[in-house]
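J.: Okay, here's the prediction I keep looking at, along with the sequence it came from:
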Amino acid sequence: MSAAGGAAEPASRHPTGAARTDTPLSGFPQAGAPRFESIDGVRRGLAGVSYLADEGIAGAVYLADRLAKPVLVEGPAGTGKTELAKSVARLTGSRLIRLQCYEGLDESKALYEWNYKKQLLRIQAGSGSEWQALEEDIFSEEFLLARPLLDAIRAPDPVVLLIDEVDRVELETEALLLEILSEYQVSIPELGTVRATQIPLVFLTSNNTRELSEALKRRCLYLHIDYPQLERERAIVETRVPGISASLADQVARIVRSLRTLDLKKHPSVSETLDWARTLVLLGVESVDAEQARDTLHILLKYRSDIERAAKELAGVDPAG
Ligand SMILES: Nc1ncnc2c1ncn2[C@@H]1O[C@H](COP(=O)(O)OP(=O)(O)OP(=O)(O)O)[C@@H](O)[C@H]1O
Ligand SMILES: [Mg+2]
């Protein structure tokens, strides 16, 4: 964890006073040593793994650790929400456990399910056994198939849990998360309560396709990641696009920024900025002129009407006229 900015100071001395308790609350897993020494340490550590965070992002990660709370990350597509969780895992040397959400995701794919086939075989094999003994046996650990959420709770090693695109699941599945996110535990009726032995860092991402429940929001710290400021986007391009010159990175960031001021169906995201920059480097472009920009707009924009509008803008023609 050296990348996290050196040894962490004792929680009691931390200026925010957001110290962890030494005695665990009933059922609440005991917190380990703080992962980060300061907000700036998080920012520098993330830069070390090629993720350029601003103060708000670094602050949310720092507080998530100190307060032992999940972070709900919202914002437009392609602004680095998923990448943040991956980068924090890299920075802290943790295993990333990812639950990719989709419509129809249910408990059996998110949390756990019983291995019915194996249970059936066990029942057939032990037809002479007493039912009670058999029942205890088939609802034991050996017959349990753990899915990402249970995996994360039971992990003996440090983990970062990424619950990606949580806005895609139905409300009932969202409710499943509540116990895990506030208590770091899972109740399995046949087995009892499984409690985490350490508190994982948890990131939930959402593209805001629907409002999440108040109950879920209450359990999380909230982080909105918007399109980066010019300077940060330029730095992201320089970090992520090998072989790009500082002046081309600057031009790319400026043009993308100006396109984001237009009234488009879908503004270019950071990932599209990077694709565009890589394309220009591949084409051997040193400095983008309006024509080259127009010819490669389809890398940045994905709607014909947006491309036409942006092309007019780049040609200096009033798009409204
Ligand atoms: N702050 C950043 N530092 C470095 N790279 C970044 C940053 N933000 C975004 N990126 C780059 O943009 C890409 C897209 O980011 P990511 O997939 O995390 O977006 P997202 O917000 O999860 O998008 P979606 O909502 O579509 O899932 C990343 O692979 C990464 O290369
Ligand atoms: Mg994502």
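T.: Sure, I can see it. Ligands and ions are numbered 1, 2, ... in the order given.
J.: Please determine how far the residue of the chain most remote from its centre is located from residue 290.
T.: Within the chain, residue 128 marks the point farthest from the mean C-alpha position, 50.1 Å out by Cα atoms, centre = their mean. For residue 128, the distance to residue 290 equals 83 Å [Cβ to Cβ, to the nearest Å]. Quick note: C-beta positions are derived from backbone N, CA and C, even for glycine.
J.: By mean pLDDT, point me to the weakest helix or strand of the protein.
T.: Taking mean pLDDT, DSSP states H and E as the measure, helix 131-138 is the helix or strand of the chain with the lowest mean score, a mean of 84.
J.: by contact count, what packs against the following helix or strand past it?
T.: Where DSSP states H and E defines the elements, the next helix or strand beyond helix 131-138 is strand 144-146. On a contact count with 3 or more Cβ pairs under 8 Å, 6 or more residues apart in numbering; DSSP states H and E, strand 144-146 meets strand 112-114.
J.: Only the buried residues of the strand it packs on, if you could.
T.: Residues of strand 112-114 classed as buried: 112, 113 (neighbour count, 16 or more other Cβ atoms under 10 Å).
J.: What pairs with that strand, parallel or antiparallel?
T.: strand 144-146 (antiparallel) (DSSP bridges).
J.: following the partner strand, which helix or strand shows up next?
T.: Next element after strand 144-146 (DSSP H and E): helix 148-154.
J.: Just give me how far that following helix sits from the chain centre.
T.: Distance, stretch centre to chain centre, for helix 148-154: 16 Å (Cα atoms, centre = their mean, to the nearest Å).
J.: So which elements touch that helix?
T.: Using 3+ Cβ pairs under 8 Å, 6+ apart: helix 148-154 touches strand 95-100, strand 159-164, helix 171-183, strand 185-188, strand 192-195.
J.: May I have it exported as PDB, CA atoms only?
T.: Written as PDB, here are the backbone C-alpha positions of helix 148-154 (Å, rounded to 0.1, in the frame of the first residue of the first chain):
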ATOM      1  CA  PRO A 148     -20.200 -11.400  -5.900                       C
ATOM      2  CA  LEU A 149     -21.900  -9.700  -2.900                       C
ATOM      3  CA  LEU A 150     -21.400 -12.700  -0.600                       C
ATOM      4  CA  ASP A 151     -17.900 -13.200  -1.900                       C
ATOM      5  CA  ALA A 152     -17.000  -9.600  -1.000                       C
ATOM      6  CA  ILE A 153     -18.500  -9.900   2.500                       C
ATOM      7  CA  ARG A 154     -16.700 -13.200   3.200                       C
END
